[in-house]
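Asks: Need coordinates for the following:
(one chain, ligands or ions: 1)
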Amino acid sequence: MSETGPAIVEPAVIDPVVRLEKLTRSFEQGGVTIDVLRGVDLVVHPGEIVALLGPSGSGKSTMLQAIGLLEGGFGGLIEIAGVDASKLGKDQRAAVRRDHIGFVYQFHHLLPDFNAIENVVLPQLITGKPRADCEARAKELLDALGLGERLEHRPSKLSGGEQQRVAVARALANRPRLVLADEPTGNLDEATADKVFAQFLELVRGEGSAALVATHNERLALAMDRVVRLHDGVL
Ligand SMILES: Nc1ncnc2c1ncn2[C@@H]1O[C@H](COP(=O)(O)OP(=O)(O)OP(=O)(O)O)[C@@H](O)[C@H]1O
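Replies: Below is the predicted model:
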């Protein structure tokens, strides 16, 4: 021990991946105002995998759109990786999405004219990374998802579960700090959904990303680190 005693180690200050405070969103429909989100508070920490449950129409997708910085019209605070989104313009929001967030939807939204590996390479190319590195990363992810023999297949030649696994690889390609998933296995039969979701969780955990997963499925929710429920516009 030195004369001055042991070094004092300051705890590292790590920003939450997501911080919402009093998030609100209303929609006008036929002259009626519907208050969908009425003051949602949420913190998601780095590497944490959170299930977002709630009945149909409770606002789960609306919440993911807010966090994904996909739409305006929200009240309250939305902070992503320590950045206050309300202070950002359109291009800066797009940059935060590109650098920090990966998306998986209920339907895969893969580009039909590109094969599996190309679908995972494309979102990486816009970051300016060399193509060979993008391809190596895509191959690594698709291999990990058991699609090593399907790299050259277009989406129409893949099964529903395989298509969704390519979508998972695409979401993780740029090593996002946060994955937003909206019913990621909602379009699959139960057995396939369980298998794909287990692979999704393993990969997200292995990558150290945080995830917020909207689902109706209580069984899937139990496999995650924490469950939050949206009810009457609040968590
Ligand atoms: N662009 C919009 N214009 C008007 N109303 C909207 C709009 N988007 C969503 N809503 C309404 O907001 C409410 C919440 O919708 P949202 O899709 O977020 O719910 P959800 O919990 O994801 O539902 P589900 O589980 O069925 O997907 C619904 O009543 C919906 O009709």
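Asks: Which residues of the chain lie near the ligand?
Replies: Within reach of the ligand by Cβ under 6 Å from any ligand atom, the chain has these residues: Phe27, Gln29, Ile34, Val36, Gly54, Ser56, Gly57, Ser58, Gly59, Lys60, Ser61, Thr62. No exception for glycine: its C-beta is placed from N, CA and C like everyone else's.
Asks: Check those residues against Arg98 and report the nearest one.
Replies: Arg98 has its nearest neighbour among these in Ser61, at 21.0 Å by Cβ to Cβ.
Asks: For that closest one, what is the enclosing helix or strand?
Replies: If you go by DSSP states H and E, Ser61 is part of helix 60-67.
Asks: so what does that helix touch, helix or strand wise?
Replies: Judged by 3 or more Cβ pairs under 8 Å, 6 or more residues apart in numbering; DSSP states H and E, the packing partners of helix 60-67 are strand 18-29, strand 32-44, strand 49-53, strand 75-80, strand 178-182, strand 210-214.
Asks: Give me the longest helix you can find in this protein.
Replies: Secondary structure of the chain per DSSP state H: the longest helix is helix 190-207.
Asks: For Val213, which non-adjacent residue is spatially closest?
Replies: Nearest residue to Val213, sequence neighbours excluded (Cβ to Cβ, 6 or more residues apart in numbering): Ala181, at 4.4 Å.
Asks: Please apply the same query to Ala167.
Replies: Computed as Cβ to Cβ, 6+ apart, the closest residue to Ala167 that is not its neighbour in sequence is His108, at 4.2 Å.
Asks: again with Glu28
Replies: Ile34 (7.9 Å).
Asks: which residues touch the one you found?
Replies: By Cβ atoms under 8 Å, 6 or more residues apart in numbering, the residues touching Ile34 are Ser26, Phe27, Glu28.
Asks: Can you list the low-confidence ranges for this protein?
Replies: Residue ranges of the chain with pLDDT under 70: 1-13.
Asks: With just CA atoms, put stretch 134-153 into CSV.
Replies: Provided in CSV are the C-alpha atoms of stretch 134-153 (Å, rounded to 0.1, in the frame of the first residue of the first chain):
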residue,chain,number,x,y,z
CYS,A,134,-19.2,-5.2,-43.0
GLU,A,135,-19.3,-8.6,-44.7
ALA,A,136,-17.3,-10.3,-42.0
ARG,A,137,-19.6,-8.8,-39.3
ALA,A,138,-22.7,-9.9,-41.2
LYS,A,139,-21.3,-13.4,-41.6
GLU,A,140,-20.4,-13.7,-38.0
LEU,A,141,-24.0,-12.7,-36.9
LEU,A,142,-25.7,-14.9,-39.5
ASP,A,143,-23.5,-17.9,-38.5
ALA,A,144,-24.3,-17.3,-34.8
LEU,A,145,-28.0,-17.5,-35.8
GLY,A,146,-27.5,-20.7,-37.6
LEU,A,147,-27.9,-19.2,-41.1
GLY,A,148,-24.3,-19.8,-42.3
GLU,A,149,-25.7,-22.0,-45.1
ARG,A,150,-28.3,-19.4,-46.1
LEU,A,151,-26.1,-16.3,-46.8
GLU,A,152,-26.9,-16.1,-50.5
HIS,A,153,-30.7,-16.8,-50.2
